[in-house]
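Visitor: Make a model of this:
(chains A, B, C and D)
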Protein chains: 2
Amino acid sequence: MNERDAERSVSQTVRAQLALRDMILSGRLRPGERISELQAVDITGVSRTPVRLALVRLEDEGLLQAIPSGGFMVKAFTERDILDSIELRGTLEGLAARFAAERGVSARSLEPLKECLADLDQLVRQDPISVEAFSAYVTMNARFHALLNELSASAPLIREIDRVSALPFASPSAFVMAQSALPEAHQILLIGQDHHRIVVDAIENREGARAEAVMREHSRLAARNLRLAIRNRTHLELMPALALLKSSAE
Amino acid sequence: MNERDAERSVSQTVRAQLALRDMILSGRLRPGERISELQAVDITGVSRTPVRLALVRLEDEGLLQAIPSGGFMVKAFTERDILDSIELRGTLEGLAARFAAERGVSARSLEPLKECLADLDQLVRQDPISVEAFSAYVTMNARFHALLNELSASAPLIREIDRVSALPFASPSAFVMAQSALPEAHQILLIGQDHHRIVVDAIENREGARAEAVMREHSRLAARNLRLAIRNRTHLELMPALALLKSSAE
DNA sequence: GTCGCATATTCTGTATACATCCTGCACTCA
DNA sequence: TGAGTGCAGGATGTATACAGAATATGCGAC
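Guide: The predicted model follows:
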């Protein structure tokens, strides 16, 4: 199947959603800017019906905000909003870890997580860490978090975590690439990996409070990276999510 | 403005959403049942375009589930899902209380909360408590929780709390009316009110951990009520949300 | 020069027609 | 008898036309 067929195979609604999301995250649509449906039609090349569906979905996703009189505008976030979203994710992931620990998980279901842990170990063991390794870390890290959340065996909780993590600046890997430009890069990765190890251990030993606490702290690494990167004003291009920052805070 | 005009003034989309939500919560549409757009058109009396929007919104709300091949079905929940949703709400409200406590709130912004607390005090002081008082408690309790969440001053957090509380069985007042049929009714209300008092005190004294812990525990009252009501199988009609329970768990 | 109002344009909300895809049933062949 | 296939019916995805509302613009009056 070539690319053209692949594009054909997804619905117009999804295609519009992807195109608009890309425009927003790349900063071509600025925070606070109104998006008219006709404009969205021009951008995406599909008709108003799927465009409207895509706009509603993006509102739900948190990237757009409904205007009372009708229509949508690109949502603007403060630095505080971003930090709160990260804390929020940490809290939810902490709850997931606690559920997993308190309710107990079978040795069998813990296996994929341990394999993932080992893969991450190999990646962070490199010194210095290549950009490719950073990129691989992002993928594997996302997998680790997903597996961990699933261990909670709680559909409502997983749903909310996915929702919060969908905000581009709140996902577990949002600022990992930004780290790669920092001198402390390797150390931060090692600390994060230690958190991973601890949470698995805590779940295995059914230490709910410990599992919860370490996941909360883990999310604060992202907050720390964000602050460092903003202070240094360097390599902002590694964090496309910051296109959503209110201009006053930039 | 009479009722007919009021109905006219809201959009067809909202009207369809309300009508369908009512059908779902009243149990006339059963969990697992597919809702076709044409069927929804018949129910609501509006055309397919707004019906489709309403279906998408109900999906985000969590009442419907998208079918991979297209269309929607009424979501079914297990008792565990409901308990987890309550714990989830408690965790988020706990985070809100902690934010309020740690960041500090002005005496002025704490006033409405204290007034609300006093109003609730008056209601629970009655013995025995009338059904009208229970109903007033539900309203005032919702107001208390809303005010409390606002004190977090965190838009992303408030957004998530509202979202989770939109599930009919996860809201702070979901099972208060069910309490009214229990012999322990009064005692449970008094305990809940004590939680309210403690959280306000903790916020005032900037005791973040205490504020968080008490809000978590507070949500467990709802879980306790739910379990009691289900065990007693009595007055299930006071909890319309249970129409969403998987039939196997009924 | 500025404020207010009227008009014109543009946008959203809604309805409906059409095409494509899925689903279920019956029939046929092994 | 069971499994697979083809067809019919219906459902969803999409495009577009139309009506009403909101907004912007320009003109006139103070």
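
Visitor: Helix, strand, or coil at the spatially most central residue of chain A?
Guide: With distances taken as CA atoms, centre = their mean, A:S171 lies nearest the centre of chain A, 1.7 Å away. Classification of A:S171 by DSSP: H, G, I helix; E, B strand; the rest coil places it in coil.

Visitor: Would you map out the domains in chain A?
Guide: A:3-74, A:79-249 (automatic domain parsing).

Visitor: could you dump those domains to JSON lines with distance to chain B and mean pLDDT?
Guide: Yep, even glycine has a C-beta here, placed from its N, CA and C like the rest. Formatted as JSON lines, the domains of chain A follow (distance: least, CB to the nearest CB, whole Å; pLDDT from 0 to 100):
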{"stretch": "domain A:3-74", "distance to chain B": "5", "mean pLDDT": "89"}
{"stretch": "domain A:79-249", "distance to chain B": "5", "mean pLDDT": "91"}
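
Visitor: Show me the one of those that comes nearest DNA strand C.
Guide: domain A:3-74 (3.0 Å; CB to the nearest atom of the strand).

Visitor: roughly how far is stretch A:191-198 from the heart of the chain?
Guide: A distance of 18 Å separates the centroid of the chain from that of stretch A:191-198, by CA atoms, centre = their mean, to the nearest Å.

Visitor: make that stretch A:180-191, sorry
Guide: Using CA atoms, centre = their mean, the offset of stretch A:180-191 from its chain centre is 19 Å.

Visitor: could I have that stretch exported to CSV, CA atoms only?
Guide: Coordinates of each C-alpha in stretch A:180-191 appear next as CSV, following Å, rounded to 0.1, in the frame of the first residue of the first chain:
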residue,chain,number,x,y,z
SER,A,180,19.5,16.0,25.1
ALA,A,181,20.7,19.5,24.7
LEU,A,182,21.4,19.9,28.4
PRO,A,183,24.8,19.2,30.1
GLU,A,184,23.0,17.3,32.9
ALA,A,185,21.3,15.1,30.3
HIS,A,186,22.8,11.8,31.2
GLN,A,187,22.3,12.3,34.9
ILE,A,188,18.6,13.1,34.5
LEU,A,189,18.1,10.0,32.4
LEU,A,190,19.8,7.9,35.0
ILE,A,191,17.6,9.3,37.7
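
Visitor: buried sites along it?
Guide: Within stretch A:180-191, the residues that count as buried by 16 or more other CB atoms under 10 Å in any protein chain shown are A:S180, A:A181, A:L182, A:A185, A:H186, A:I188, A:L189.

Visitor: just stretch A:112-131 next, same as before
Guide: Within stretch A:112-131, the residues that count as buried by 16+ other CB under 10 Å are A:L113, A:C116, A:L117, A:L120, A:L123, A:V124, A:I129.

Visitor: Which of the residues you listed fall in helices?
Guide: A:L113, A:C116, A:L117, A:L120, A:L123, A:V124 (DSSP state H).

Visitor: Can you name the residues of chain A sitting close to DNA strand D?
Guide: A:S11, A:Q12, A:T13, A:V46, A:S47, A:R48, A:T49, A:P50, A:L53, A:S69, A:G70 (CB under 7 Å from any atom of the strand).

Visitor: neighbours around the fourth one, how many?
Guide: Other residues lying near A:V46 total 18 when counted by other CB atoms under 10 Å in any protein chain shown.

Visitor: So it: helix, strand or coil?
Guide: Secondary structure state of A:V46, per three-state DSSP, is coil.

Visitor: Spatially nearest residue to it, not counting backbone neighbours?
Guide: A:Q12 (4.2 Å; CB to CB, 6 or more residues apart in numbering or on different chains).

Visitor: Number of residues surrounding the one you found?
Guide: Neighbours around A:Q12, by other CB under 10 Å: 17.

Visitor: which ones are touching it?
Guide: A:V46, A:S47, A:P50 (CB atoms under 8 Å, 6 or more residues apart in numbering or on different chains).

Visitor: what about the residue located most distally from the centre of chain A, is that helix, strand or coil?
Guide: Distance from the centre of chain A peaks at A:S69, with 31.3 Å (CA atoms, centre = their mean). Assigned with three-state DSSP, A:S69 falls in the coil class.

Visitor: isn't A:S180 right up against A:L238?
Guide: Yes - at 7.2 Å, A:S180 counts as touching A:L238 under the criterion of CB atoms under 8 Å.

Visitor: related to what we said a few turns ago, you'd agree the residue nearest to the centre of chain A is up against A:S165?
Guide: Yes - between A:S171 and A:S165 there is a contact under CB under 8 Å: 4.6 Å.

Visitor: what residues do these two have in common as contacts?
Guide: Between them, A:S171 and A:S165 share these contacting residues under CB under 8 Å, 6+ apart: A:R89.

Visitor: distance of A:L95 from A:A153?
Guide: Taking CB to CB, to the nearest Å as the measure, A:L95 falls 12 Å from A:A153.

Visitor: what does chain A put close to DNA strand C?
Guide: Contact residues (CB under 7 Å from any atom of the strand) of chain A with DNA strand C: A:R34, A:I35, A:S36, A:E37, A:L38, A:Q39, A:R48, A:T49, A:R52, A:G70, A:G71, A:F72.

Visitor: are any of the residues you listed buried, and which?
Guide: Among the residues of chain A next to DNA strand C, those buried by neighbour count (16+ other CB under 10 Å) are A:I35, A:E37, A:R52, A:F72.

Visitor: from the residues you listed, which is closest to DNA strand D?
Guide: Closest approach to DNA strand D among those (CB to the nearest atom of the strand): A:R52, at 8.2 Å.

Visitor: number of nearby residues for A:L167?
Guide: Each residue near A:L167 was counted by other CB under 10 Å, and the total is 23.

Visitor: residues touching it, list them.
Guide: Listed by CB under 8 Å, 6+ apart, the contact partners of A:L167 are A:E61, A:G62, A:L63, A:S85, A:A241, B:P156.

Visitor: Let's see which of those residues end up in helices.
Guide: Of these, the ones assigned to helices by DSSP H are A:E61, A:S85, B:P156.

Visitor: top of the residues you listed by neighbour count?
Guide: Top of those by neighbour count (other CB under 10 Å): A:S85, with 28 neighbours.

Visitor: For that one, which non-adjacent residue is spatially closest?
Guide: Per CB to CB, 6+ apart, closest to A:S85 is A:A170, 4.0 Å.

Visitor: What values do phi and psi take at the one you found?
Guide: phi -110, psi -10 (degrees, to the nearest 10).

Visitor: Check A:V74 too.
Guide: The phi/psi pair for A:V74 (degrees, to the nearest 10) reads phi -70, psi 130.
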